[in-house]
Structure formats: structure tokens, C-alpha cells
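1. build me a model:
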Amino acid sequence: MGLRIVDFSQLTAAQRVQAAHVLEAAFAHLPAAFDGAFAEEVQTFFTELGRAAWAALDGDAVVGWVGRIEGYEYAWELHPLAVHPAAQRRGVGSALVALLEERARAAGMLTVYLGTDDEFDGTNLFGQELFPDVAGKIAGVVETNGHPFAFYRKLGYEITGLVPHANGFGKPDILMAKRL
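-> Numbering: from 1, shown residues only. Next up is the predicted model:
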């Protein structure tokens, strides 16, 4: 794979469509993800202030992309990270996150944070009542079915919080962050 990463502003119209398809394929296991508005989500990185994104290209084909949203004075939100399933486990996601972190450091950010929902039985939290002692549940989180939190953990992110029932009963949002 001859991977190169480019700023979203360099994408052609056809590559923007590809980026939407990558987002759809990457989140196909989550029926509510982006409410089917994949092209609209891509477009927000061209039209909304405080957003930027970078695409991973294999030749001229978009195989993944990462976005960032300005949220705090010294922290960026990583949203989203999407890698086409055919390109996963080849270093694309790691390269995209590394670039985002590099850009964040250069911009004076101290932290990158993200939310990673468990809507598909990807961790032992799925289907569970997390109240009371939500904070106490953090230490015991384990991957059960390919949840991305394990990927982020390998990259140095740690769980900083849980939002119980964020996506319905037993479907929490797992909040993670990394000090740069």
C-alpha cells in the first residue's frame, strides 16, 4: 500500500464522495451512526469553522480519514476516524491518528480526546446498568467483540469517563483522551 496523507482541502469532488463511502463502510455495524448522513458529515469539514480533516490515499483512492474538532482552548476532539474495512489492520488508522496528534502539538494543544460508542456488544459494558459507581466501572472495561477502544488504548489513549445509556439502555459512550 503506497499510503499518503493529504489535507481534505486537496480532495477532488470524486474523492469527497469516496470519503463518505469510507465513513459509511467503517460504521456499517452501527445503524444509527451519522443517521445515514455520510456525505453531509464529510461536507462539515469543508464548511464549519473549527473543523479540519486529513485523508489517507492509496494511489488516488481514499482508504481512510480522520477529523478534528476544536472544542477547548488546549484540546482537540478526534472525530471521526474512519478506515475502510478492506484497509484496516494495515497501519492506516495509526498513521492518521499520528498525523492528527502531530498537528495538535504544532497548534499548542495539550490533549486529544474522543468518544467511542459501544452500540454493538464490543465491550463488557454493553447491555449493563452502569449506575451507581460509573467511575468504578472504568478500570474493568475489556474488549469483547472488536471494539475500537482497544485500538485507541494501544495508541496511548486512556478512558477518562463513561456516559451510560448515551445511545439507549446499555449502550454507553466511552470517553478517552491522550496527553500530548
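
2. neighbours around residue 140, how many?
-> Other residues within reach of residue 140, judged by other C-beta atoms under 10 Å, total 9. Using the backbone N, CA and C atoms, a C-beta is placed for each residue, glycine as well.

3. just checking, it touches residue 124?
-> Yes. Under the contact definition of C-beta atoms under 8 Å, residue 140 touches residue 124, with a separation of 7.0 Å.

4. would you map out the domains in the chain?
-> Residue ranges for the structural domains of the chain, counted by automatic domain parsing, are given in the record as 1-95, 110-180.

5. just put these in CSV and tack on mean pLDDT.
-> Rendered in CSV, the data for those read as follows (pLDDT from 0 to 100):
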stretch, mean pLDDT
domain 1-95, 94
domain 110-180, 96
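
6. now these as JSON lines including distance to residue 101?
-> Converted to JSON lines, these look like this (distance: least, C-beta to C-beta, whole Å):
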{"stretch": "domain 1-95", "distance to residue 101": "9"}
{"stretch": "domain 110-180", "distance to residue 101": "6"}
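
7. buried sites along stretch 123-142?
-> By 16 or more other C-beta atoms under 10 Å, the buried positions in stretch 123-142 come out as 123, 124, 125, 126, 128, 130, 137, 138, 141.

8. residues in contact with that stretch: which ones?
-> Around stretch 123-142, the neighbours that count as contacts under C-beta atoms under 8 Å, 6 or more residues apart in numbering are 118-121, 143-145, 147, 149, 159, 161-162, 164-165, 170-172, 174.
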